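>>> could you look at this predicted model? Sequence included:
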Amino acid sequence: MTRDGVYSGNFSQAFSQLLEKFGISCYQISQFAHLDQAYLSRLKNGEKHNPSPETIIKISLALTHYSDKIDFYDIQKLFKSVGRSLRLNDDY
């Protein structure tokens with residue numbers, strides 16, 4: 001569970017919803033992110049759980065590449081689904 005209490009624990013659901021919402025395929029994600037299409041399909045179908053933060057970043061970059069309508073909150077949903085959070089900090 002994240003500190004703010006939001007943890008859905010279901011990456012596959014969050015990932016599937018974003019793919020469907022924006023009309024993006026696992027094939028497209030695999031091509032852009034250089035991830036195995038079968039692995040992405042297993043993530044989408046819930047056969048694999050909790051991808052690494054690096055994998056989520058690659059997926060996020062691919063999603064934003066294919067749709068300019070994806071925003072921070074869509075990407076945050078992916079991270080929260082595995083108990084992580086993106087924090088925007090202006091205190092560099």
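Thanks, I have the structure now.

>>> who touches stretch 46-58?
For stretch 46-58, contacts defined as CB atoms under 8 Å, 6 or more residues apart in numbering pick out 10-13, 33-35, 39, 42-43, 59, 78-79, 82, 84. C-beta coordinates here come from the backbone N, C-alpha and C atoms, glycine included.

>>> quick one: contacts for Ser16?
Ser16 neighbours (CB under 8 Å, 6+ apart): Lys44.

>>> what's the first helix or strand after whichever strand or helix holds it?
Element membership for Ser16 (DSSP states H and E) is helix 11-22. Next in sequence after helix 11-22, counting helices and strands by DSSP H and E, comes helix 26-33.

>>> just name whatever secondary elements that next one is in contact with.
helix 37-44, helix 53-66 (3 or more CB pairs under 8 Å, 6 or more residues apart in numbering; DSSP states H and E).

>>> what's the closest of those to Ile24?
helix 53-66 (4.8 Å; CB to CB).

>>> shaky segments in this structure?
1-9, 88-92 (pLDDT under 70).

>>> element containing the residue nearest to the spatial centre of the chain?
Using CA atoms, centre = their mean, the residue of the chain that lies closest to the mean C-alpha position is Leu78, 3.9 Å off. In this structure, Leu78 sits in helix 72-80 according to DSSP H and E.
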